[in-house]
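> Need coordinates for the below:
(one chain, ligands or ions: 1)
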Amino acid sequence: MKDYAANQIIEDISLGFIILDDKSRILYINQFSREKLNCPPEVVGQSWPEMFPHLLEISRLTETGGPKTVYFTIGQESFIAIIQPYSKSGASLGYMIMLMDASQLDEVTKELDAYKNLHTDLKAIFDISYDVIYVSDGNGITLRVSSASERLWGYKEEDLVGKSVYHLEKEGVYSPSVTRMVLEKKDRVSFLQTTKTGRRLMVVGTPIKDEQGNIVRVVNASRDITEISQLKNELEEVKQLTEGYKQELMSLRKKSEAEKKIIYRSEKMRRLIELAQKVGEVDSTVLLLGESGVGKEVIASYIHNWSPRKQNPFIILNCGSIPEKLLEAELFGQDLDLVGEREGRQIGLFKKAKEGTLYLDEITEMPLSIQAKLVGILEEYDFANQRTGESRVRIVASSSKNLEDEVKAGRFREDLYYWLNVIPITVPPLRERKDDILPLILYDLELYNKKYKKNKQLSANVLEKLQHYPWPGNIRELHNVIERLVVTIDDPMISLKHVPEYIKNNAAEIKDVEVHRLLPLKEAVEKVERDLLEMAKVRYISTTRMAEALGVNQSTISRKLQQYGISSQLEKEAH
Ligand SMILES: Nc1ncnc2c1ncn2[C@@H]1O[C@H](COP(=O)(O)OP(=O)(O)OP(=O)(O)O)[C@@H](O)[C@H]1O
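Numbering: from 1, shown residues only. Have a look, this model is predicted:
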């Protein structure tokens with residue numbers, strides 16, 4: 001084992017080992033060398049330069065003395081030879097040559113070349129980049145800066161490399177330092193920055209972390225958006241101007257429409273209009289409730305036109321008709337990524353409505369995520385208002401659903417409900433203010449006659465039917481029915497036969513007192529009494545209930561039922 005060790009190892013290892021004497025004769029050559037150099041069997045004692053004339057390089061080196069390293073190839077293989085002279089007491093005794101397979105080194109060399117190329121490419125990118133690319137280490141020491149730094153900040157790469165970003169920030173080279181912020185936040189940071197040279201930059205700083213999560217590099221890219229920003233501002237100004245004109249036009253049109261169009265005669269509506277006028281004078285948030293088509297939007301517009309805000313925009317946003325993402329963008333603004341959340345918000349409708357009124361129609365249709373953001377804005381407004389007393393957009397919201405039910409069902413945020421429910425106004429359905437029906441019909445008849453250049457009349461019977469119909473779609477339905485009659489009927493006089501069946505059938509159900517001919521008063525009163533009792537009998541199960549509905553006492557009902565010979569069975573049940 002002992003003997004084996006020294007000789008055999010040298011013989012067997014994958015390294016070449018050759019010893020030459022001072023005359024360059026081969027004294028020893030191991031297995032690896034013999035194989036790789038294709039030696040003939042009798043090689044020991046032969047002259048190295050004669051045996052291997054193709055390895056002249058090595059022969060020549062052996063003549064020059066000191067240790068040398070040579071790179072050479074034989075066929076497809078490449079080798080490195082280290083030539084080491086050996087001597088004793090100053091006299092040269094010969095040379096030792098070590099041979100190594102250089103194929104592995106080839107790989108390393110290739111990789112090194114690839115890195116060199118990559119470095120050249122990166123440097124080129126760095127230097128031609130329009131953005132400033134800024135690389136620092138985990139301690140904030142500047143490692144590299146692209147040449148755009150001179151154009152954007154007025155500092156060359158050599159002014160910055162090697163310096164701490166904390167120091168450069170203090171010196172005011174840039175402020176704030178995005179690297180510092182990334183190192184503090186340990187996360188990506190982006191913001192807008194104006195440089196000392198007046199450039200507007202969009203800065204994005206990204207941490208590069210090692211496997212343990214430690215920041216090893218911070219890479220920042222700062223893009224010059226001065227021109228874009230100027231263009232954007234100009235565009236925004238133009239947009240605002242256009243929006244302003246549009247709103248002005250709209251509100252002018254709306255104003256005249258609203259003033260013309262609020263048709264009413266009922267006491268309920270008179271009181272509601274009075275309330276709307278009072279509400280118009282203050283800034284409180286209004287919640288308009290009522291069935292679809294009752295005129296909530298008309299009232300909202302009336303409130304706006306009655307308010308000191310009437311010169312400012314009245315903006316309507318139907319929360320149910322726009323997809324969620326678009327609704328969010330409409331309300332709070334777009335380009336959140338580009339301009340940052342706060343600026344983004346201000347471009348939305350809240351900014352557009354300025355000191356006007358924002359009408360949020362069908363507020364219950366607003367997705368919960370947007371409701372949350374709206375609450376945030378209302379809180380901000382409230383805070384700003386308390387602080388500065390500054391007047392902001394006034395919010396009028398509407399709902400045709402019962403908001404409390406929506407809150408209970410978890411579809412509407414309770415806090416938003418309280419924010420909005422400051423002044424609730426319920427617009428009653430048309431069937432609860434029948435006095436308004438006739439003026440509305442006559443108004444529409446005139447409107448559509450004019451619009452379609454017709455001269456239609458409605459017969460007394462038709463007017464009567466229409467007044468007795470419950471109008472589940474309220475004023476919107478009434479508009480549609482009158483428009484359809486005016487457009488589709490050829491006869492100049494629209495009579496009952498032209499009225500849709502569903503109207504006639506439903507109108508009959510809620511018949512009021514009808515008089516078709518002159519008759520003695522006593523007889524008429526009796527007829528009405530009988531009809532009323534018949535109707536009440538169908539609807540109520542006891543004479544007590546009937547008495548309540550007809551506003552008399554129960555004994556009167558019993559007596560009258562007897563008088564007119566109407567079922568006495570009911571009376572018995574009632575007792
Ligand atoms: N008092 C009124 N006089 C004349 N027209 C009216 C009146 N009230 C409402 N209208 C008209 O009826 C239609 C429906 O009104 P509006 O859109 O204001 O109802 P709404 O309650 O807001 O409906 P929705 O809940 O479906 O949005 C509109 O064309 C409106 O101009």
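> can we go C-alpha only for contacts and neighbour counts from here?
Will do.
> and the residue of the chain found nearest the ligand, what does it touch?
The shortest separation between the chain and the ligand is 3.1 Å, found at residue 295 (distances taken as Cα to the nearest ligand atom). Residue 295 sits next to 427, 475 when contact means Cα atoms under 8 Å, 6 or more residues apart in numbering.
> how close does it get to residue 271?
In this structure, residue 295 and residue 271 are separated by 15 Å, where distance is defined by Cα to Cα, to the nearest Å.
> repeat for residue 199
Relative to residue 271, residue 199 is positioned 59 Å away (criterion: Cα to Cα).
> for residue 232, same thing?
From residue 232 over to residue 271 (counting by Cα to Cα), the distance is 48 Å.
> same deal with residue 394?
Note on residue 394: its distance to residue 271, by Cα to Cα, is 23 Å.
> cool, and residue 501?
Applying Cα to Cα, the value for residue 501 to residue 271 is 35 Å.
> residues near residue 492, how many?
Other residues near residue 492 number 12, with proximity taken as other Cα atoms under 10 Å.
> was I right about it contacting residue 455?
Yes. Residue 492 lies in contact with residue 455 (Cα atoms under 8 Å); the separation is 6.7 Å.
> From the chain's centroid, how far away is the helix or strand that contains residue 180?
Secondary structure assigned from DSSP states H and E places residue 180 in helix 178-185. Here the centre of helix 178-185 is set off from its chain's centre by 26 Å, with Cα atoms, centre = their mean, to the nearest Å.
> Report the buried residues of that helix.
178, 179, 180, 182, 183 (16 or more other Cα atoms under 10 Å).
> can you check stretch 11-28 too?
Of the residues in stretch 11-28, those buried (16+ other Cα under 10 Å) are 11, 15-22, 24-27.
> In a markdown table, list those along with secondary structure, distance to residue 81 and pLDDT.
Formatted as a markdown table, the buried residues of stretch 11-28 follow (DSSP: H, G, I helix; E, B strand; the rest coil; distance: Cα to Cα, whole Å; pLDDT from 0 to 100):
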| residue | secondary structure | distance to residue 81 | pLDDT |
| --- | --- | --- | --- |
| 11 | helix | 17 | 85 |
| 15 | coil | 10 | 89 |
| 16 | strand | 9 | 91 |
| 17 | strand | 10 | 92 |
| 18 | strand | 10 | 91 |
| 19 | strand | 13 | 92 |
| 20 | strand | 14 | 89 |
| 21 | strand | 17 | 89 |
| 22 | coil | 18 | 85 |
| 24 | coil | 16 | 85 |
| 25 | strand | 17 | 90 |
| 26 | strand | 16 | 91 |
| 27 | strand | 17 | 92 |
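> so which of the residues you listed would you say is closest to residue 239?
Each of those was checked against residue 239 using Cα to Cα; the closest is residue 15, at 79.3 Å.
> distance of that closest one from residue 27?
In this view, residue 15 and residue 27 are 17 Å apart by Cα to Cα.
> who touches residue 82 in this structure?
Residues in contact with residue 82, defined by Cα under 8 Å, 6+ apart, are 67, 68, 69, 70, 97, 98, 99.
> Next step: these restricted to strands.
68, 69, 70, 97, 98, 99 (DSSP state E).
> Count the neighbours of the third one for me.
The burial count assigned to residue 70 is 13, neighbours taken as other Cα under 10 Å.
> cool, and the last one?
Using other Cα under 10 Å, residue 99 has 22 other residues around it.
> do the first one as well
A count of neighbours around residue 68, defined by other Cα under 10 Å, yields 15.
> Which residue is the nearest non-sequential neighbour of it?
Distances taken as Cα to Cα, 6 or more residues apart in numbering place residue 83 nearest to residue 68, at 5.2 Å, with adjacent residues excluded.
> for the one you found, which residues make a bridge with it?
With DSSP bridges applied, the residues forming beta bridges to residue 83 are residue 68, residue 97.
> any idea how far it is from residue 40?
Distance from residue 83 to residue 40, counting by Cα to Cα: 22 Å.
> out of the two, which sits in the busier spot?
Each of residue 83 and residue 40 had its neighbours counted (other Cα under 10 Å), and the higher figure belongs to residue 83 (23 against 10).
> measure that one to residue 264 for me?
114 Å.
> can you list the residues of the stretch 351-500 of the chain near the ligand?
For the stretch 351-500 of the chain, the contact set with the ligand under Cα under 6 Å from any ligand atom comprises 400, 475, 476.
> okay if I get those as TSV plus neighbour count?
Conversion of these to TSV gives the following (neighbours: other Cα atoms under 10 Å):
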residue	neighbour count
400	19
475	20
476	14
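> In helices, which of these appear?
Using DSSP state H, the members of these that fall in helices are 475, 476.
> Kindly reformat the residues of the stretch 351-500 of the chain next to the ligand as a markdown table containing pLDDT and distance to residue 133.
Rendered in a markdown table, the data for those read as follows (pLDDT from 0 to 100; distance: Cα to Cα, whole Å):
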| residue | pLDDT | distance to residue 133 |
| --- | --- | --- |
| 400 | 92 | 55 |
| 475 | 94 | 64 |
| 476 | 91 | 61 |
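> what does the domain assignment say about this protein?
Under the assignment automatic domain parsing, the domains of the chain span 2-105, 129-224, 233-428, 431-509, 521-574.
> Counting neighbours, what do you get for residue 408?
11.
> Would you mind listing the buried residues in the helix or strand hosting residue 439?
Per DSSP H and E: residue 439 is located in helix 437-451. The neighbour-count check on helix 437-451 (16+ other Cα under 10 Å) flags 437, 438, 440, 441, 444, 445, 446, 448, 449 as buried.
> what's the answer for stretch 414-433, then?
Residues of stretch 414-433 classed as buried: 416, 417, 419, 420, 421, 425, 426, 427, 428, 429, 430, 431 (neighbour count, 16+ other Cα under 10 Å).
> In helices, which of these fall?
Using DSSP H to define helices, the subset of the buried residues of stretch 414-433 located there is 416, 417, 419, 420.
> could these go into a markdown table alongside distance to residue 31?
Supplementary listing: these in a markdown table, determined by distance: Cα to Cα, whole Å:
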| residue | distance to residue 31 |
| --- | --- |
| 416 | 90 |
| 417 | 93 |
| 419 | 93 |
| 420 | 95 |
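> Just give me the closest of the residues you listed to residue 376.
Ranking these by separation from residue 376, with Cα to Cα as the measure, puts residue 416 on top at 9.6 Å.
> Give the full set of residues in contact with that closest one.
Residue 416 makes contacts with 371, 372, 374, 375, as judged by Cα under 8 Å, 6+ apart.
> quick one: which of those has the most company?
Among the contacts of residue 416, residue 371 has the most neighbours (other Cα under 10 Å), with 20 neighbours.
> residues near residue 114, how many?
Look at residue 114: counted by other Cα under 10 Å, it has 12 neighbours.
> so where does it fall, helix or strand?
For residue 114, the element it lies in under DSSP H and E is helix 103-128.
> List the buried residues of that helix.
Residues of helix 103-128 classed as buried under the neighbour-count rule (16+ other Cα under 10 Å) are 126, 127.
> for it, packing partners?
Helix 103-128 makes packing contacts with strand 77-88 when contacts are defined by 3 or more Cα pairs under 8 Å, 6 or more residues apart in numbering; DSSP states H and E.
> Send over the strand it packs on as CSV, restricted to the C-alpha atoms.
Coordinates of each C-alpha in strand 77-88 appear next as CSV, following Å, rounded to 0.1, in the frame of the first residue of the first chain:
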residue,chain,number,x,y,z
GLU,A,77,-8.1,18.2,-27.3
SER,A,78,-6.5,21.2,-25.6
PHE,A,79,-4.0,21.2,-22.8
ILE,A,80,-2.2,23.5,-20.4
ALA,A,81,1.4,22.7,-19.7
ILE,A,82,3.3,24.1,-16.7
ILE,A,83,7.0,23.9,-17.2
GLN,A,84,9.1,24.1,-14.1
PRO,A,85,13.0,24.0,-14.2
TYR,A,86,14.7,22.2,-11.3
SER,A,87,18.3,22.7,-10.3
LYS,A,88,20.7,21.8,-7.5
